[in-house]
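In: coords please:
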Amino acid sequence: MKIGDLVTRKKYNNDIVFRITNIENDLVYLTGEYLRIKADAFFEDLKKYDGEEEKIDMDLVDVRDSRLIPGCVLHLDGDEKYLNKSMELYKKYNIPAKGYYMDEKKMEKQIINLLIEHKPDVLVITGHDSVKIIEGREKFENSEYFVKAVKKARIYESGKDSLVIFAGACQSYYEGLIEAGANFASSPSRKNINVLDPVYIAISVCKSHVNEFIDVENVLKKTISKGVGLGGVDTRGVARKLYQ
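Out: Here you go, the predicted model:
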């Protein structure tokens, strides 16, 4: 096995597909191929993955009215590979989007300047996260940085319908993100989410008209994770019709 190979972990019944990103002595560092998760393992626990690539065929909002102008997205991601996948999907669905790869810890400092520069309708703040139970309390890897970034974004624009925010990653502190001002977030059940779940939510919002409230439950169910590990509040669409 080498860097770049797809593998699964025997210890966890080969449930998640990972890509090998680094090897140090006998320890192998892994990044989820389809789930926003990082891990490590020893070689003897790994099995080379030879299954089929995950197929993505989601039932998103279909805009047939050529006069409807979709909203635009600013996407901040703590994983460059995931960012590139996300940008490909925005392009596929003709959504104007700007993406930035940056460490989760740095998002808070960059967010307002990027919002001023790009003036998006939808903001995605994501990357990697995890939760551990230490002395009976939840300890999150990056949730505090996501929360701080959301709070800064709400200083720029407080209206939840003027700037729609998705925030969080695998096992993130959902309650804190919603309280900070996110419209959609992960993870109320502390579950892992798919790499592209935030993108599908953003696209659905971008393609829904400003006069319409998003059917939150329906939008979440249409994600790759089928809504598991995702939640949100009442939100309007951001697309606008052009009259001439």
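In: in which helix or strand would I find the residue nearest the centre of the chain?
Out: Taking CA atoms, centre = their mean, the centroid of the chain lies closest to P198, which sits 3.5 Å from it. Per DSSP states H and E, P198 falls inside helix 197-206.
In: And for K98?
Out: Counting by DSSP H and E, K98 is part of strand 97-101.
In: Run through the neighbouring helices and strands of that strand.
Out: If you count contacts as 3 or more CB pairs under 8 Å, 6 or more residues apart in numbering; DSSP states H and E, strand 97-101 packs onto strand 73-77, helix 80-92, helix 107-118. The way it works is simple: take the backbone N, C-alpha and C, and place the C-beta from them, glycine included.
In: Would you tell me which of these gets closest to F166?
Out: strand 73-77 (9.2 Å; CB to CB).
In: List the pairing partners of the closest one within its sheet, with orientation.
Out: strand 97-101 (parallel), strand 122-126 (parallel) (DSSP bridges).
In: avg pLDDT for the first one?
Out: Right, the one you point to is strand 97-101. Averaging pLDDT along strand 97-101 yields 98.
In: any idea how far V7 is from K221?
Out: 30 Å (CB to CB, to the nearest Å).
In: what about those two, which has more around it?
Out: Ranked by neighbour count (other CB atoms under 10 Å), K221 and V7 place V7 first, with 22 against 14.
In: How far does stretch 73-88 sit from its chain's centre?
Out: 8 Å (CA atoms, centre = their mean, to the nearest Å).
In: Send me that stretch as PDB with only the CA atoms.
Out: Coordinates of each C-alpha in stretch 73-88 appear next as PDB, following Å, rounded to 0.1, in the frame of the first residue of the first chain:
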ATOM      1  CA  VAL A  73     -21.700  30.900  -3.100                       C
ATOM      2  CA  LEU A  74     -18.600  31.600  -1.100                       C
ATOM      3  CA  HIS A  75     -17.200  28.200   0.100                       C
ATOM      4  CA  LEU A  76     -14.400  27.900   2.700                       C
ATOM      5  CA  ASP A  77     -13.000  24.400   3.200                       C
ATOM      6  CA  GLY A  78     -10.400  23.000   5.500                       C
ATOM      7  CA  ASP A  79      -9.600  20.200   3.000                       C
ATOM      8  CA  GLU A  80      -8.300  21.100  -0.500                       C
ATOM      9  CA  LYS A  81      -9.300  17.800  -2.100                       C
ATOM     10  CA  TYR A  82     -12.900  18.200  -0.800                       C
ATOM     11  CA  LEU A  83     -12.900  21.800  -2.000                       C
ATOM     12  CA  ASN A  84     -12.000  20.800  -5.500                       C
ATOM     13  CA  LYS A  85     -14.800  18.200  -5.600                       C
ATOM     14  CA  SER A  86     -17.200  20.900  -4.300                       C
ATOM     15  CA  MET A  87     -16.200  23.400  -7.000                       C
ATOM     16  CA  GLU A  88     -16.800  20.800  -9.700                       C
END
